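> I would like the atomic coordinates for the input below:
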Amino acid sequence: MKKVLSMVSLLGVVILAAFVPEVSAEEAAGAGEGLWTFAKAGLAIGSGLGIGIAAGIAGIGQGLATAAALTGIARNPGAASKILTPMIIGLALIESLVIYALAITFILQSKI
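Take a look at the predicted model:
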């Protein structure tokens with residue numbers, strides 16, 4: 001699985017390297033700001049990857065937290081009320097980090 005993921009990411013970098021210079025060359029010939037298009041491409045890629053990574057890792061974290069809480073409830077059903085409240089608070093805190101990443105993505109997208 002790691003080999004497939006690394007090959008897909010390598011393919012993405014190759015495609016990006018193949019097409020970004022052509023786009024920036026066309027814009028540079030017309031507007032004279034070739035380096036600025038690289039900065040815009042970096043902002044776009046960074047914001048897209050940032051929210052994707054944040055959402056993916058938060059999903060994994062929420063899944064692990066829920067699984068651990070349900071395992072604890074299954075082992076001791078009497079402690080369900082003591083386990084459920086901290087789990088909900090933890091899930092809300094994990095989700096707040098994704099919302100912060102989304103806000104940063106919107107800020108980066110507005111600069112493009």
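> Was I right to think Ala79 contacts Gly72?
Yes - assessed by C-beta atoms under 8 Å, Ala79 is found in contact with Gly72 at 6.8 Å. Where you see a C-beta, it was placed from the backbone N, CA and C, and this is true even at glycine.
> Which of these two has more residues huddled nearby?
Gly72 (16 against 11; other C-beta atoms under 10 Å).
> Report the mean per-residue pLDDT for the top helix by length along the chain.
The longest helix of the chain (DSSP state H) is helix 34-75. The average pLDDT for helix 34-75 rounds to 86.
> by contact count, what packs against that helix?
Applying 3 or more C-beta pairs under 8 Å, 6 or more residues apart in numbering; DSSP states H and E, one finds that helix 34-75 makes contact with helix 2-31, helix 80-110.
> what's the least confident stretch among those?
Across those, the lowest-scoring stretch is helix 2-31, with a mean of 58.
> show me the contacts for Leu43.
Contact analysis of Leu43 by C-beta atoms under 8 Å, 6 or more residues apart in numbering lists 108-109, 111-112.
> mind checking how far it is from Glu95?
Using C-beta to C-beta, to the nearest Å, Leu43 is found at 25 Å from Glu95.
> now swap in Ala44 and tell me
25 Å.
> count of residues packed around Ser47?
Neighbours around Ser47, by other C-beta under 10 Å: 21.
> what's near enough to touch it?
Ser47 makes contact with 104-105, 108-109, according to C-beta under 8 Å, 6+ apart.
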